[in-house]
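>>> Attaching a predicted model along with its sequence, questions to come.
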Amino acid sequence: MSGLVLTDFSVAHGPCDVLRDISLSVGPGECVGLLGPNGAGKTTLMRAALGLMAHRGQSSISAMPLSLRAKTVAWLPQTREIAWPVTVENLIALGRLPHLAPGGTPGDADKAAIDSAIARMGLEGFRTRIATQLSGGEQARVLIARALAQATPVLMVDEPAAGLDPAHQITLMQTLAREADRGRAIIASIHDLGLAARFCTRLVVLWRGGIVADGPPLSVLTPDLLAEVFHIRAHIAQTEDGVIVQPLGLVS
Ligand SMILES: Nc1ncnc2c1ncn2[C@@H]1O[C@H](COP(=O)(O)OP(=O)(O)OP(=O)(O)O)[C@@H](O)[C@H]1O
């Protein structure tokens, strides 16, 4: 199974580099939480790595031909847009398109992948609902299910927990962690430090155009880093349920 390798990777918006000379490798089995304050470049990094934005340097994914890219990486963008009033099941089935022959229809393996994604996102009762008529959080779960149904070795998701209630946030993060356990490479931008610390195997922090920390959650989320990068202090504890990170207040 493949992952993502970025080498000397830089991205500019206009004349300014948002990201400079980043090197990052994410392999099978890793669930990487991509952290950083607003505007740090998390979305930019993922979109450029996918080949959706111009960049300098190398991305192992953007270098692939389009047909291979669609079989290699599934992408959940930050802006959840459902363009057509299709049923939930048909929308999730779109995740199988890269695997179908031109003009082909879904076979047993495709139907199994769709059913599995529906089950993992708890959407059994929504199959025949019109996707555009769902709540924001329900639509987010449908789009995550579409990405899961794509069954790619790499899953890149931009703030996947945004808009989900606590139970569905935990379900989502458990699902991502399980997908990593099964050998996928997961890259998830995430603002909730508690969810990131508890469910990700590795955290990568973007700040001022570069990676300023990269490693296991407890080694990354130090008081100094939280103060300098996020301007917060937090309670951090290792419990039998995992790492807990609770922001407490601002530091100047
Ligand atoms: N199309 C654009 N044109 C010019 N600047 C842009 C454009 N898109 C993003 N930027 C700038 O690039 C920087 C990085 O944006 P990006 O969306 O990657 O950050 P982010 O870390 O994902 O932020 P957030 O946590 O707020 O979603 C920001 O300063 C943003 O204002």
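Thanks, I have it. Numbers count the residues shown, from 1 in each chain.

>>> On the three-state scheme, the closest residue to residue 23 other than its chain neighbours is what?
Of all residues beyond its chain neighbours, the one nearest residue 23 is residue 7 (5.4 Å), with distances taken as Cβ to Cβ, 6 or more residues apart in numbering. For glycine as for every other residue, the C-beta is placed from the backbone atoms N, C-alpha and C. Classification of residue 7 using DSSP: H, G, I helix; E, B strand; the rest coil returns strand.

>>> thought residue 7 was touching residue 55?
No - when contacts are counted by Cβ atoms under 8 Å, residue 7 is not listed as touching residue 55 (11.0 Å).

>>> Which of these two has more residues huddled nearby?
Remark: of residue 7 and residue 55, residue 55 carries more neighbours, 21 against 13, as counted by other Cβ atoms under 10 Å.

>>> quick one, what contacts that one?
With Cβ atoms under 8 Å, 6 or more residues apart in numbering as the criterion, the residues that contact residue 55 are 9-11, 48-49, 62.

>>> and it, backbone torsions?
phi -150, psi 170 (degrees, to the nearest 10).

>>> Which pLDDT does the model give it?
In this model, residue 55 is scored at 97, pLDDT.

>>> which parts of the stretch 1-150 of the chain sit against the ligand?
Along the stretch 1-150 of the chain, the residues adjacent to the ligand under the rule Cβ under 6 Å from any ligand atom are 13-14, 18, 36, 38-44.

>>> sorry, back to before: quickly name whichever of the contacts of residue 55 is closest to residue 232.
residue 11 (26.8 Å; Cβ to Cβ).

>>> pLDDT score for that closest one?
Among the per-residue scores, residue 11 shows a pLDDT of 98.

>>> heads up, I number from 35, so please use that
Got it, first residue is 35 now, which makes that one residue 45.

>>> my guess is it is in a strand, correct?
Yes - Residue 45: assigned to a strand according to three-state DSSP.

>>> Residue 78 is in contact with that one, correct?
Yes - the pair residue 45 / residue 78 is scored as a contact, 5.3 Å apart, by Cβ under 8 Å.

>>> Overlap of the contact sets of those two?
With Cβ under 8 Å, 6+ apart, residue 45 and residue 78 have common neighbours 52-53, 87.

>>> Closest one of the residues you listed to the ligand?
residue 52 (4.4 Å; Cβ to the nearest ligand atom).

>>> so what's that closest one up against?
45-46, 75, 78, 243.

>>> Neighbour-wise, give me the winner out of the residues of the stretch 35-184 of the chain next to the ligand.
residue 76 (25 neighbours).

>>> what's the distance between the residue lying closest to that one once chain neighbours are set aside and residue 110?
Nearest residue to residue 76, sequence neighbours excluded (Cβ to Cβ, 6+ apart): residue 223, at 4.0 Å. Distance of residue 223 to residue 110, computed by Cβ to Cβ, to the nearest Å: 10 Å.

>>> For these two, indicate the residue with more neighbours.
Counted by other Cβ under 10 Å, residue 223 and residue 110 do not tie: residue 223 has more neighbours, with 26 against 20.

>>> Roughly how far does the more buried one sit from the ligand?
Distance of residue 223 to the ligand, given as Cβ to the nearest ligand atom, to the nearest Å: 6 Å.
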